[in-house]
Every structure is written in C-alpha cells, then in structure tokens.
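1. Quick one: sequence plus predicted model below, questions after.
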Amino acid sequence: MRMLGRLSALLAIAAAPFSSAFTARGNGLLSTPNVNSMSSTRSLLLDSNVHNKYQSSLNLMSPHDIVDADSISSVASLLLSRGSRGSMENAVPPSEGVTLSVLGAGFALIVWFLINEYKFLKEKSNTMVGALDKKAKDFTLFDLIDYRLDYFFSTNEWAKVILLFGLSYVLVVVGAGLLVIGDSDDYETISEAAWTSWTYVVDPGAQADAPSELIPRAVSLFVTLGGLLVFALLIGIVGESIGEKIEDLKTGKSRVFESGHTLMLNWNDKSIAVIQQIALANESEGGGVMVVLSNLEKEEMEERLENAINAKENPLDLMGTEVVFRQGNPILENDLKKVSANTARAVIALTPPDFDADEADANMLRQVLAIKALDEDFGSDGERHVVVELQDVDNKELINLVAPDFAEVIVNHDMIGRLMLQCARTPELAYVLDSMMGFEGSEFYFDTWPELYGKTFREITVRFDDAIPVGFRSADGDVRVNPEDDDVYQEGEEILVLAEDDDSYEPNDGTYPLTAGECEEEECLTGYQAVRPPEKVLFCGWRRDMSDLISQLDEFVPPGSELWLLNKIPACNREERLLDGGNKAKLKLKNLTMKNVVGDHIIRRDLKRIWDTDAQGQYTGEKVTLDQFDSILILSDETAMKSGEKGSTSSDSRSLAAVLIIQDMMDKMYQVKKRKFATNPELIKEPCVPVSEILDSRTKSLLNVANCKGYVLSNQIVSSVMAQVAEEKDINVVLSELFSSDGSETYIRPVEKFVDLDEEDTMSFWDVALKARNYREVAVGYKPADLDYADAEDFIVNPPNKSVPRRWKKGDKIVVFSLED
C-alpha cells in the first residue's frame, strides 16, 4: 500500500516539469523556446525543500487509507508552485493548463482506482484467511486479482472499453512525460509531447519522424509497441461488438415496432398452414405483417419457413405478407411486449408441442392472462381478440372465465372429431369443408347493406350474384345461421355470406322472381323423405378424447346403431381409459351400443376377425365383416398427437397403410358378393369409403396416388379455422354451429329432393336455393354428376352464374346447411 502511495506521488511529481516547459512572455504571448526552463525543472527535482515535503507526504500515507485525487495531487501542486517561483511574470497558456489538468486528473483517477482495488483485495484476503481458521492459505494474491477481473469483465458491459481507453491514456501520458524529461530541446510544451505520443499510439509509422537521439527513439518504440497492443484490443472489441449485434439480430432480440399485425404465439405442426392462410387473407390488401413468437431459435423458424417456400409440392406463397420471427417465451409479459402484442390486430395462440393435454391447456391459460396483464384494455374495443387453441373441451370454460370478452377458443380435437363423424357418414363432405374453411376459395364475411333493410331472408337469398347469404348478425353480436324465411333484416344488423373476398360482392337490382320455390307447406315437406336406418360404425385406433368422440357420435346416429372399437388396448382397460383418470364422466349413450375388438387395424388377420369381446376378454359370439359397416373412421395415433412433425409422419404412414388394406379387403368382399348374388343385385351393398385423419398435408398427394378418397386434413382445417376466426371473431360462432349436431350442419343432398326431374329438370341454382328454403335449408353449391369433387371445386361452394338455368340430372348433388339430417 505504501508503495502505491509513493507511486502516485511520484507520478504527480512527474507532471511538475511540464510547468516550466511551457512559458510565455509578455501578456501571455508565446515567445521563443526557453531552453533554460527545462534545466531549471531538473534542478527543481533536487531541491531539498521539495524533497522533504515529498518525503513527508509519503510518510503521511497509511496502508489502510483510501487515497483520493486531491491528496495525490497535493505534491504536484507544491511542485508547480515551486517551479513557477521567480518567474511569476510569465503566464501559462490556457491550452497547456487544460492539457496538464486532464493528464493529472486522469492519473489521479487511475491511481485512486488501483489503491482502492488493492485495499478491497487485502480485506478479501484477510476475510478468507480468517474463514480458513488458521489453516494453510491455499490461494495467492494473483488468484484474488483473477477473481476480481473476472467479476469486473462479466458484470460491466463497458469493461473492455474502459480497459482500451485506460491503456491508451497511460501510453500517451507516460510517453509524453518521458519525451519532455528526456528531450527538452525538441518538446518544449506538454501539449506537443502529448500529441507526439498520441501519434505513436495510433500510427506505427509516426516513429519514423522521431528525433535521432536515443531517448526519443526508445520512447517512440515503447509507445508504438503499446499502441499496437491497443489497436489489437480495439479491433477485438469492435469485432466482438459487431458480432454480438449480428448475433442479437439473428436470434431476434430486438423489439418489433408494428401495429395492426397478426401475432402467432408458439410453433407447432399447424404454424406453416396458419401463415399460409393469413397470407391468403392479406392478399387483397397487398400483403401485411405477421409476427411469430416462439421458444424455438429464430434461425430454426426461418429455416422451416424457407423450406416451405421452396418445397416442390404445394410451396408456401406469402403473397406480399412479411413474416417476422422472434425468440422468447410467450407467457412472459416482457417477451410479449417485444413483439408488440398490445398493438396486434389479432393473436393466434397455438398449443406448444410436446405437452400433454392438461399441461398444454394450462400453458394457454397463462398466455391469455399474460396478454391481459400486458394491456388490461386489450379486446375492450371489440377490434382486437385472441384465438386460443385448446386440447380438451373440458378446459374451455377456464379461458372463457378469465377472458370472456376477447378470447375465442378452438378445441382442435373436439372440432376434428365432429368433422370426422360428419365425413365418415358422408365422405364427400371432406371436399366441401376443405373448400369452405380456407381463404383459397369462398369464406365467411359479415357486412352491412342498408339498401336491403326490411327484406326477409328469403328475399335476400337471391340478392347477391357473387355470394351466398347464410344468416344475420344482430347489433348486439348475436349470430343467426340459417334463419327462418320471414326473418327480417333490421337496421344495424349485418348479413353473413359466403364469398370469395370481402370486396368481391354487392347486391343486385332485386328483379329476380321468388315464385320458383313457392309451394304449399305440406307439399314441400312430403315431397322427399329421408329414411335413416340404424348404422354400424367402426373406429380404428384410439384417441385420448375417445369419450368425447363417442358422445358426439351418439348425437348424430339414429337409435339402434352400433359402434365397434378396434384397437390394441385390452377390453378390460377401456372403461378406465374412457374415464381419463376421472376427468370424464361415465358414458350415457342413447342411440349407440359399443362393441370391443382387440387388434391392430394395419394387420389383415385382425381385420378379418372383427369379433366382440367382453370386459374379461372373452368372445361374446357377435362378429361382423368390414363390408357390413356404414362408416369406418381411422383415427390418428394418440402418441403422434404430441410428438410433433415426426409423430405426424409416423401416424400418417399407419393411416395410409390402414386405408389401403381396408379398401383392398372390402373391394375383394364386394367382388365375391357380386358373383354370389348376381341374380339378386339388390342384396349387394356397396362398401363404404373409409375416412382417415391425416395430420401432415404433404400426405395428401400420397393419398391421391393410392386412390384413397376418404380423408380429413385435420391440422390443415384447424389452421384454416383459426385464421378465419383471427380475421373475424364471430366466425367462431358460425363454424361451431356448422360442426354441432344441435345447429345447422353441412349435408350433401340428391338433387331429387328439390327438383322433380320427371316434370321440370331445367332451372337456375337460385331456383333450387329457393326450393331448399322450403325445408329451411341454405343451398351453398352443387356438384354435377359428371364431375368428381376435385374437379367441381368451382361449383361446390358459391357457384357462378346462379341465375342462369341449367339442366339437372340424376346424380347431381346439392350442398346445403340444414337443421336436420
């Protein structure tokens, strides 16, 4: 400590010669160099009075004292006053005073810092020695210094910059002092010496201009070598800073400054499809901005998006939409603020992958609460809302409890279950719903048309050439799908339509006659009656929400129907699995009787032996063959539902294999019956089309190659639904009713229900739509008999030329929304 104190005083003394090295004569004007001033400065160092005061100052310093800048510069002040005695008539130029003050203050600050660090390390060492309880000291002073440096550089972001400036400062000052003391003839002022020293630091070539004497050249060499070290440190600091900034940009740490954008939280197997649907929705506006926040690395998400864009099959087209990725935790307020969640037009919260159902839904609840905590007024204006994906329908009330005003819940398993049940009974329905759900064809829109106020829904049915009226939305937000004919469109209400875009339709002149569909009520209701006998349904595979799926099926089928469950779970364990650990109530079926079959649906042997077993695994004697079923559903493997992309591929592979095997077996059974009952063809029943749940949309092409007609692209449809609800929150009510057994569902009717082909087979689609209103059904499209559903996509929903008559024939199908099957 005493040594450091002496060093500080000595450094202060070193500045003393500078006072005599710059003098000016007469009124502060600079004169010719005063050579004797430097020699008088050297003699000043030998002055006994000064030496005594210097020595007494050192003696006053205690090793335990914290030295401040004033005490360190006291000796320097004494020397300055001593050095200027006898020449008071000479004034110091202001520039030299500033230079000397800066150099002296900097040295004082550095020495003050070093002394205090030494005191801290000394106290730390004593504390450690005391803690060792007189045991052998197992560390050195250098260990403590390493620890202190590590702490300083890890906690102070400016540590490297401070080190750079500190080294530069020391080199300039030391070099300037040595030049002044060692070569007074060439460097008369401290400013000149400091500038020369600075040029040595920043320019290695400057030493070529150094004086030929030994001392100036030695000083220039020393300072230049130090300057090279400083320059190397500078390059390292700048390079590292730029690298860190680029890395921050790569990892998406900067804040997103957007408003009116669509925000997607989390990344799962539906993300690419959601991005595609949002891009389609923004196409009419020339594009938009979509921000994605996920725990995945930003580069990984960008790579997945790039792969989807460059895919050879069904490439992703952003259509002008910009996608911005940020890495972060969607349940943290700070990360939500980073992506401007409080200014987003809509938030799509996807279920995080690799979570079980309850854990995933709990995570979604936290996300909704985090958004609400970020902005308490979020959604209060009715313009902003959150679309939340849940796994279990029982958890839906939790979201509605905390965010009833701005959260729209999509229970994907529940929705897909209802969709598959409808498609199993009418496999062609998958084409219709696929066309209706996305933004590629016609989708749902609300709009106000004052010129139609006071019109009934029947009148409005034929008022749009390029849209299909479906219902009304009242001023208080109540949505009425498929209203009664005499329901009047009131002021303040909006009309719900199916249209290609929100600006692609407008009312016509209203001259189309309404007489085509007029008939007496009894005549209309008795003209066509559908008879629904009991059904046999086969479920292949098992899902966690099997209990919900069976309950939904019980609502759809007529009394006396049978449900056969074919999977590898032992029959004795199925009742417990249906209870889901006590989370589900025991099934109370009204229309269904369950039959249990143990086997694997991708093994032919098991598909040939569809025998009912009891809870003990014993055969009951009931058995059935594949060709006897009215509907066959191939469910996605439950392990794939939470295994991400790899699980989806594995599940789709099993589903594809099952479809091919079942179709092949049923076709062979059908050919045998055709030969056996050739004289009684009425006894031959055509086999049903097995419907498979497909998770990965890329599997669709393989299904087409294998001629598999029945499939439901579950993730694709859920993504489309979420995108539509993100664009218009009340669409959730519409879609919920279309998928519910209590509301207006989607059906495919034979044209004979509305058109008597023997008496009048030529009429327009509007005429058919008016006739459908007699059954309180909304006709949304048709499929010509000579086209399959893939080729008839332009007619299935919102067909063109609605007022143009066409000839209807047997085999034509009408797509309707109806309250009854």
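-> Nice, I can see it.
2. Only C-alpha atoms from now on, for both contacts and neighbour counts.
-> OK.
3. Residue 711 against residue 692, yeah?
-> Yes. Using Cα atoms under 8 Å, residue 711 is in contact with residue 692, at 4.5 Å.
4. how many neighbours does residue 145 have?
-> The local packing of residue 145 (other Cα atoms under 10 Å) involves 14 other residues.
5. State the distance from it to residue 155.
-> 15 Å (Cα to Cα, to the nearest Å).
6. And residue 259, by the same measure?
-> 36 Å.
7. Residue 627 touches residue 688, doesn't it?
-> Yes. With contact defined as Cα under 8 Å, residue 627 reaches residue 688; the gap is 7.4 Å.
8. Which residue, other than its chain neighbours, is closest to residue 497?
-> Nearest residue to residue 497, sequence neighbours excluded (Cα to Cα, 6 or more residues apart in numbering): residue 469, at 4.3 Å.
9. residues in contact with that neighbour?
-> Taking Cα atoms under 8 Å, 6 or more residues apart in numbering, we find residue 469 in contact with 460-461, 495-498.
10. Of these, which pair is most distant in space?
-> Spatial extent of the contacts of residue 469 (Cα to Cα) is set by the pair 460 and 498 at 13.2 Å.
11. just to revisit the earlier point, out of the contacts of residue 469, list just those in strands.
-> 495-498 (DSSP state E).
12. Turn these into TSV, columns for pLDDT.
-> Compiled in TSV, the ones in strands among the contacts of residue 469 are given as follows (pLDDT from 0 to 100):
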residue	pLDDT
495	96
496	95
497	95
498	94
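13. Counting neighbours, which of these end up buried?
-> 495-498 (16 or more other Cα atoms under 10 Å).
14. tell me the secondary structure for residue 513?
-> Under DSSP: H, G, I helix; E, B strand; the rest coil, residue 513 falls in the coil class.
15. Can you tell me how far it is from residue 803?
-> Taken as Cα to Cα, the span from residue 513 to residue 803 is 10 Å.
16. Shouldn't residue 96 be within a helix?
-> Yes. Under three-state DSSP, residue 96 falls within a helix.
17. wait, isn't it in contact with residue 193?
-> No. Counting by Cα under 8 Å, residue 96 stays clear of residue 193, with 11.1 Å between them.
18. and residue 261, what pLDDT?
-> With respect to pLDDT, residue 261 scores 93.
19. Neighbours of it, how many?
-> 19.
20. before we move on, what about residue 353?
-> 16.
21. go on, residue 367?
-> Residues within reach of residue 367, counting by other Cα under 10 Å, total 22.
22. host element of it?
-> Under the criterion of DSSP states H and E, residue 367 resides in helix 357-374.
23. Report the buried residues of that helix.
-> 357, 360-361, 363-365, 367-372, 374.
24. Next: stretch 190-207.
-> For stretch 190-207, by 16+ other Cα under 10 Å, it's 190-194, 196-202, 204, 206-207.
25. Next one, pLDDT for the spatially closest residue to residue 153 that is not a sequence neighbour please.
-> Counting by Cα to Cα, 6+ apart, residue 153 lies nearest to residue 159, which is 5.4 Å off, once chain neighbours are set aside. Residue 159 carries a pLDDT score of 78 in this model.
26. again, but for the one 4 residues further on
-> According to the prediction, residue 163 has pLDDT 79.
27. likewise the one 4 residues further on?
-> In the predicted model, residue 167 carries a pLDDT score of 80.
28. In the stretch 151-300 of the chain, where is pLDDT below threshold?
-> Scanning the stretch 151-300 of the chain for pLDDT under 70 picks out the ranges 182-188, 212.
29. ok, which stretches of it are strands?
-> For the stretch 151-300 of the chain, the strands defined by DSSP state E, counting those that start in this stretch occupy 262-265, 289-294.
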